[in-house]
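*Asks:* predicted model and sequence below, questions to follow.
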Amino acid sequence: MKFKFNNQGKDYDIEIAEAGGKTLITVNGKEFSFGEERQAAVAAVPQTIIPKRDMSSKEVRAVLAGVITEIGVKAGDIVKTGQKLLTLSAMKMENEILAECDGMIKEIKVAKDQKVKEGDTLITLA
Amino acid sequence: MFVGRNLQFICDLVLVIWDLFNIMANYTLKKFGELESTSAKAKEMAAQGAKPWTVVTALQQNQGYGRKGNAWYSPEGGLYFSVVLPKSNIEDLQTMTILAAYCVANTVKEQLDVEPMIKLPNDVYLNGKKVCGILTENVVEGEVRSSVIGIGVNTNTDYFPADLEAATSLKKELGRTIDNDQFLEQIISQLQNVFKSISQ
């Protein structure tokens, strides 16, 4: 199928043909083909390595029951792995809780001098 | 030149003997003149890979601290040291902290023939006044990465500021000078025995 097409004063000679399961479109002598090759191109997309990003929150939990004696970060802070987040005191042991991964402080779920139980969520990181 | 060589030989010999002593003692002693805090130094060394039972001691601390960052008066004369503990679970560390007071009290009792009192969880008193403070610090990064137990014993402290009226020293109470090295050695030995029994 051949036809002419005018767009904003410019003429285009367009030819559309089908052969061997492929659709060939020629525009002013320039060929564009669709069909198996296109499918192949689509099939190739998943092979592209796209870095996976864990969008889930990371929770920092109390390793034992105690009292929060120090909070060294605030919501919105960007923290790096190993950075001190807070101190949890119990039975004369002071536990410096560090960030396990890089991230942003999404929410601080405890306050200074608050008692916490083992397993309580202290901070969420995004 | 002859004197120089001999001096070098003596220095090397002293270092070899010191290393042998450390191997026999089953702990590594790091002595300092003055530190901000033996625990801060021990934590720093632990983060850099110091072995368990590395013992950091200083003649004095200028920023010694106890629980909640409270200052621990640490002039020359007292015994101040911190121990990098083997990796353990949190329950064992809690037990260890409590038993550390027993180790200090026992050393005081055995070496000085007096009856100290343990105030739970881990203060040691003599004649109603505090002679020792203990603080364990854990660094937790998901799990316990390192643990340091800091112990301050008022052995030969001659003077306490007015606001520390509840504190005393063994020397003030008993009228005699305490051998800090001997005290340290015995406390570490007891800590190692206690740790062995609770971690089995």
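*Replies:* Great, that's in hand. Everything numeric in this text was worked out from a predicted model, so none of it was measured.
*Asks:* alongside chain B, which residues does chain A contribute?
*Replies:* Counting by Cβ under 8 Å from any Cβ of the partner chain, chain A comes close to chain B at A:63-64, A:69-70, A:81-82, A:88-100. Glycine gets a C-beta too; all of them are placed from N, C-alpha and C.
*Asks:* now a PyMOL select for only the buried ones of the residues you listed.
*Replies:* Selecting the buried subset of these in PyMOL, with 16 or more other Cβ atoms under 10 Å in any protein chain shown as the burial test, is done by:
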select buried, chain A and resi 63+64+69+70+88+89+90+91+92+93+94+95+96+97+98+99+100
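*Asks:* next step: the residues of chain A next to chain B restricted to strands.
*Replies:* Using DSSP state E, A:Thr69, A:Glu70, A:Leu88, A:Ser89, A:Ala90, A:Met93, A:Glu94, A:Asn95, A:Glu96, A:Ile97, A:Leu98 are the members of the residues of chain A next to chain B that sit in strands.
*Asks:* export those residues to TSV and tack on distance to B:Gly150 and pLDDT?
*Replies:* Listed next are these as TSV, based on distance: Cβ to Cβ, whole Å; pLDDT from 0 to 100:
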residue	distance to B:Gly150	pLDDT
A:Thr69	16	94
A:Glu70	17	94
A:Leu88	17	95
A:Ser89	14	92
A:Ala90	16	86
A:Met93	11	90
A:Glu94	10	93
A:Asn95	14	94
A:Glu96	13	94
A:Ile97	19	95
A:Leu98	19	94
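*Asks:* which among those residues gets closest to B:Val194?
*Replies:* A:Met93 (15.7 Å; Cβ to Cβ).
*Asks:* element containing the residue nearest to that closest one when sequence neighbours are not counted, please.
*Replies:* Spatial nearest neighbour of A:Met93, chain neighbours left out: B:Thr136 (4.4 Å); criterion: Cβ to Cβ, 6 or more residues apart in numbering or on different chains. Assessed by DSSP states H and E, B:Thr136 sits inside strand B:129-141.
*Asks:* okay, the angle between that strand and strand A:93-98?
*Replies:* With axes from the mean of the first three to the mean of the last three Cα atoms, to 10 degrees defining the directions, strand B:129-141 sits at 30 degrees from strand A:93-98.
*Asks:* list the buried ones in strand B:129-141?
*Replies:* So for strand B:129-141, counting by 16+ other Cβ under 10 Å, buried means B:Lys129, B:Val131, B:Cys132, B:Gly133, B:Ile134, B:Leu135, B:Thr136, B:Glu137, B:Asn138, B:Val139, B:Val140, B:Glu141.
*Asks:* what sits against the third one?
*Replies:* B:Cys132 sits next to B:Ala101, B:Val104, B:Ala105, B:Asp123, B:Val124, B:Ile151, B:Gly152, B:Val153, B:Asn154 when contact means Cβ atoms under 8 Å, 6 or more residues apart in numbering or on different chains.
*Asks:* not counting sequence-adjacent ones, nearest residue to the residue nearest the centre of chain B?
*Replies:* Centroid-nearest residue in chain B, with Cα atoms, centre = their mean: B:Phe81, separated by 2.9 Å. Once flanking residues are discounted, B:Phe81 sits nearest to B:Thr57: 4.0 Å by Cβ to Cβ, 6+ apart.
*Asks:* so what touches the helix or strand encompassing that neighbour?
*Replies:* Under the criterion of DSSP H and E, B:Thr57 resides in strand B:54-61. Strand B:54-61 has contacts (Cβ under 8 Å, 6+ apart) with B:27-39, B:41-42, B:45-46, B:72, B:74-76, B:78-84, B:152, B:184, B:188.
*Asks:* no more questions from me, cheers.
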